[in-house]
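> Output the structure for:
(chains A and B, ligands or ions: 2)
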Amino acid sequence: MPPSRYRENEESKAVWVYLEQEEGTLENVSLEVLSKGRELADVMKWKLVGLLPGSGVHALAKEAITRGADEIWVMDHPLLTTFTIEGHGAVVYDAVMLGKPSIFLLGATHNGRDLAGRLAVRFRTGLNADCTNLHMDEKDALLVSEVSGFGGGVVAMIEMQNHRPQMATVRPGVFALSEPDSARRGKVIDVPVNLKPEQIKTRILERVRSGVVDLTRVPVLVVGGRGVNGDFETLKKLAEILGGDVGATRPPVDAGFIERERQIGQTGVVSSPKMALCCGLSGAFHLLVGIDKADVVVSINSDPEAPIFEFSDYYIVGDVSQYLPVLIQTLESQQEISHA
Amino acid sequence: MPEFHMVVCVKVVPRSDEIRVDRETRLLDRRHARLELNPPDMSALEMALNTRDRYGGKLDILSMGPLSFEPLLRVGLAMGCDHIVLLSDRAFGGADTLATTYTLAKGIEKMGGADLIFCGEESADGATGQVPAGLAEWLNVSQLTLLTELSLDLDKQTATGRRSLKGGYEILETPLPCVVSVKNASQEPRFINFSRKAWAYETERVTVWNAVDLNADPESIGLTGSPTTVSELARVPVRERKRIKLEGEAMAKAEQLAVIIRDSL
Ligand SMILES: Cc1cc2nc3c(=O)[nH]c(=O)nc-3n(C[C@H](O)[C@H](O)[C@H](O)COP(=O)(O)OP(=O)(O)OC[C@H]3O[C@@H](n4cnc5c(N)ncnc54)[C@H](O)[C@@H]3O)c2cc1C
Ligand SMILES: Nc1ncnc2c1ncn2[C@@H]1O[C@H](COP(=O)(O)O)[C@@H](O)[C@H]1O
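Ligands and ions are numbered 1, 2, ... in the order given. Next up, the predicted model:
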């Protein structure tokens, strides 16, 4: 197959992470990937580099160093203030071709995916999207990307022998965030940016962001499946009482009962709540990926044979439409007692 | 001026509710699953048809896959598309994103290019929405992803779309040609037009191209053209759970559960 853009033996032994920021805040997923990148780099005794395009983003470079980076390449330019595929694509491409890292990781946000999909082709390299884990094959110094999607609780380990960089994207919540270490020292390198306004073909006419739902870190996650028959109001009520939020499996999302950003699972959110309450869902592996990090899993399903029971700490065999109102009532009366 | 040309990329996938898990290997068993149009592509089809209704032009369906995809793709013709191009060759099999996007781009090239290309958000059978951006790169055109709305200005030759963001949206304008990916479930697909049905099943509505027809580099397609390799399959390590079944009357069970919930938080 045709080679990638790096010439042979040109790679430098390093792990690079794309650092995405929005209005002066680093995306959590970038820091999560940086934490994982630190582990990979340590195994190989390689350098961990963060790639930070934006405008006025130097303060964020220091933050990324406290999260494990050895070096931050800052590309600071007014044309990089908000993400455009042409602007960010061009500077990230140039930086990678300058540093030739062996590994290049990105968070699977909307922008991260746009960038990864486009740049993988520009590098003529492979891309493992939405990895559920990453590790190093130390002997061959290769990145091993774990990808599910084969269903049934089987994951595939994917490697790339001959093409560079080895690219992978990871969804928010998949990796834990390391504690910041304010004593860590690292280098901040200013990379000159040659970007001309005419290179940016896409114009942002309007941008509205409000009420970002972040289910990766809610304390209680109430997940509704096909079996709740679209009644997410009851689930919301329950979640509210418990100080949590509502998620869903794919069928109710596809049916339009609830927003896609609330889908839990392999192609949705990976959540790490104290408790996941599973209502009327069968327990497909695609879904289980999203709740496996929960401390406690509780489920209600009318089918005594439902697979989800095997993956629950406590379960009730029964109809959600019968149990949820009683549960809400009981919790509410408890609340009144504790408030008294 | 040549006619405004639009292409919608549609994949055919096994129905997810008919995929069974093999008890032994725990792998997906797709053999008995019927095929369907990739559900996210229904939104792409609808946005494409809607755009054609508003601005005119020709709208073709492009798909890479086995010949068995053909009858299902014809549903798109009955909905209002003009023609189908199916890229079919054993040599295209086993393609990862790089090889898939290369092949689709060669298909579009052979169609004489396109002003606007629609894709779905992702393939339901495991891929991850990386095709639209990769395709745009091969074709060296702009991209607007995750759109819920699209409008065109044919005088200025621009596309304007509403792109969903986490907790919001942005309105983007970009020059044509352009690859668009359509937010899943954002469009209500229309019913097929029954008066088009007989027409849609005529043989000449479908063109099949193989690797030679595309003049594709044999090294860049299918498994050969895919840089990534599956080195092994492993079981997902899932956390051991207590598996305690709550017993008793409904009320008692609900109370028990309430106590467990309170104690765990
Ligand atoms: C590539 C790929 C990626 C996927 N990604 C995801 C993903 O990220 N997230 C995801 O969720 N799915 C995903 N899926 C789909 C997944 O495989 C399952 O189809 C889905 O999780 C099933 O959702 P469910 O459990 O709600 O529905 P079902 O499997 O239909 O289960 C419904 C359950 O509700 C129970 N029930 C019905 N009525 C009641 C009632 N009144 N009271 C109590 N219980 C009741 C039934 O007994 C049944 O167990 C993906 C599939 C593919 C192929
Ligand atoms: N084999 C294919 N044939 C036609 N279109 C495809 C194919 N694979 C992917 N696509 C298009 O690319 C979109 C995203 O797919 P993916 O990147 O595979 O998740 C799909 O919704 C389709 O529109």
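> Am I right that residue A:222 is in a helix?
No - if the criterion is DSSP: H, G, I helix; E, B strand; the rest coil, then residue A:222 is strand and not within a helix.
> from memory it sits against residue A:277, does it?
Yes - contact criterion Cβ atoms under 8 Å: residue A:222 and residue A:277 qualify, at 4.7 Å. C-beta: built from backbone N, CA, C; applies to glycine.
> Which neighbours do the two have in common?
Jointly contacting residue A:222 and residue A:277 under the rule Cβ atoms under 8 Å, 6 or more residues apart in numbering or on different chains are A:238, A:242.
> Give me the helices and strands touching the helix or strand bottoming out on mean pLDDT in chain A, please.
Here the helix or strand of chain A ranked lowest by mean pLDDT, DSSP states H and E is helix A:320-339, holding a mean of 84. Packing partners of helix A:320-339 (3 or more Cβ pairs under 8 Å, 6 or more residues apart in numbering or on different chains; DSSP states H and E): helix A:232-241, strand A:296-301, helix B:250-264.
> when you scan the first one, is anything in it near ligand 1?
Meaning helix A:232-241. No - Helix A:232-241 lies out of reach of ligand 1 by Cβ under 6 Å from any ligand atom, never closer than 11.6 Å.
> Give the residue spans of the chain that score low on pLDDT.
Went with chain A since none was named. A:149-152, A:336-340 (pLDDT under 70).
> wrong one, I was asking about chain B
B:1, B:23-27.
> quick one on the thing from earlier: export the helices and strands packed on helix A:320-339 to TSV and append columns for distance to ligand 2.
Below are the helices and strands packed on helix A:320-339 laid out as TSV (distance: least, Cβ to the nearest ligand atom, whole Å):
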stretch	distance to ligand 2
helix A:232-241	26
strand A:296-301	29
helix B:250-264	37
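> any idea which of those is most buried?
Mean neighbour counts were taken over these using mean count of other Cβ atoms under 10 Å in any protein chain shown, and the top value, a mean of 25, falls to strand A:296-301.
> Next SSE downstream of that one?
Following strand A:296-301 in sequence order, the next helix or strand is strand A:314-317 (DSSP states H and E).
> Parallel or antiparallel, which strands does that next one pair with?
Next to strand A:314-317 in the sheet, as set by DSSP bridges, lie strand A:296-301 (parallel), strand B:244-245 (parallel).
> Just give the number of residues close to whichever residue of the stretch 1-150 of chain A sits closest to chain B.
Nearest residue of the stretch 1-150 of chain A to chain B: residue A:117, at 3.0 Å (Cβ to the nearest Cβ). Using other Cβ atoms under 10 Å in any protein chain shown, residue A:117 has 29 neighbouring residues.
> Verify the stated contact: it with residue B:132.
Yes - when contacts are counted by Cβ under 8 Å, residue A:117 is listed as touching residue B:132 (7.0 Å).
> Tell me how far the closest residue to residue A:302 other than its chain neighbours lies from ligand 1.
If you skip the residues right next to it in sequence, residue A:302 has residue A:319 as its closest partner in space, 5.0 Å away by Cβ to Cβ, 6 or more residues apart in numbering or on different chains. Separation of residue A:319 from ligand 1 (Cβ to the nearest ligand atom, to the nearest Å) stands at 4 Å.
> Which residues are in contact with residue 88?
Here I'm looking at chain A. Residue A:88 makes contacts with A:53, A:80, A:111, A:115, as judged by Cβ under 8 Å, 6+ apart.
> my bad, the chain I had in mind was chain B
Per Cβ under 8 Å, 6+ apart, neighbours of residue B:88: B:64, B:65, B:66, B:67, B:69, B:208, B:209, B:210.
> From these, list the ones also adjacent to ligand 2.
Applying Cβ under 6 Å from any ligand atom to the contacts of residue B:88, those adjacent to ligand 2 are B:64, B:65.
> Quick check on the contacts of residue B:88: which are buried?
Buried residues within these, counting neighbours by 16 or more other Cβ atoms under 10 Å in any protein chain shown: B:64, B:65, B:69, B:209.
> From what I see, the first one and residue B:104 are in contact.
Yes - counting by Cβ under 8 Å, a contact exists between residue B:64 and residue B:104, whose distance comes to 6.0 Å.
> Overlap in contacts, the two.
In contact with both residue B:64 and residue B:104: residue B:87, using Cβ under 8 Å, 6+ apart.
> In this structure residue B:113 contacts residue B:5, no?
Yes - applying Cβ under 8 Å as the test, residue B:113 and residue B:5 come out as touching, 7.1 Å apart.
> Show me which of those two is the more surrounded one.
residue B:5 (19 against 14).
> what sits opposite that one in the beta ladder?
Applying DSSP bridges, one finds that residue B:5 bridges with residue B:58.
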